[in-house]
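1. need coordinates for the following:
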Amino acid sequence: QVQLVESGGGLVQAGGSLRLACAASGRTFSNSAMGWFRQAPGKEREIVAAINWSGGITSYANSVKGRVTISRDNAKNTVYLQMSSLKPEDTAVYYCAAKGFFYGLVLRSGDYDYWGQGTQVTVSS
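-> Model prediction:
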């Protein structure tokens, strides 16, 4: 069992930055593919970024490419999402997700095994 707890969300002005963190419990983190998703009101959950077990491979949604960096620290069981040049359309609840014992990238929400509760990010114009 893996528990995920997100932090770092909040209210920021357009053009600002935030760093989200997702702390994982359990011993499988270093063997897990991780991802960040977001869901805005009235919209479907969408992937923001994904990272493989070692951090050596990453993938980003086109809408955030160049503005967002996903990274992980396996020693701290934590995955991060550094966001800059934030836009009002980035407003959403952000979730981290994990797929245990998987060494590639996972891009589809349905393929993840574990989810956090989410953290709200609000970008004001």
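2. helix or strand: which one has the most centrally placed residue in the chain?
-> The residue lying closest to the centre of the chain (C-alpha atoms, centre = their mean) is Trp36, at 2.2 Å. Element membership for Trp36 (DSSP states H and E) is strand 33-39.
3. what's in contact with the helix or strand following that strand?
-> With elements assigned by DSSP H and E, the helix or strand that comes after strand 33-39 is strand 46-51. By C-beta atoms under 8 Å, 6 or more residues apart in numbering, the surrounding residues in contact with strand 46-51 are 33-39, 57-61, 64, 68-72, 79, 81, 94, 105-109. In short, each C-beta sits where N, CA and C put it, glycine included.
4. mind listing the strands for the protein?
-> According to DSSP state E, the chain carries its strands in the segments 4-7, 10-13, 18-24, 33-39, 46-51, 58-60, 68-73, 78-83, 92-99, 114-115, 119-124.
5. correct me, but Val5 touches Cys22?
-> Yes - using C-beta atoms under 8 Å, Val5 is in contact with Cys22, at 7.0 Å.
6. can you check which residues contact both of the two?
-> Common neighbours of Val5 and Cys22 (C-beta under 8 Å, 6+ apart) are Gly116.
7. between those two, tell me which one has more neighbours.
-> The residue with more neighbours, out of Val5 and Cys22 and counting by other C-beta atoms under 10 Å, is Cys22; that gives 26 against 14.
8. would you mind measuring from the more buried one to Ser124?
-> As judged by C-beta to C-beta, to the nearest Å, Cys22 and Ser124 stand 24 Å apart.
9. in stretch 74-88, what counts as buried?
-> 77-83, 86 (16 or more other C-beta atoms under 10 Å).
10. wouldn't Ala14 be in contact with Thr91 here?
-> No - between Ala14 and Thr91 there is no contact, the gap being 10.0 Å when judged by C-beta under 8 Å.
11. more neighbours: the two, which one.
-> For Ala14 versus Thr91, the count of surrounding residues by other C-beta under 10 Å is larger for Thr91: 18 against 13.
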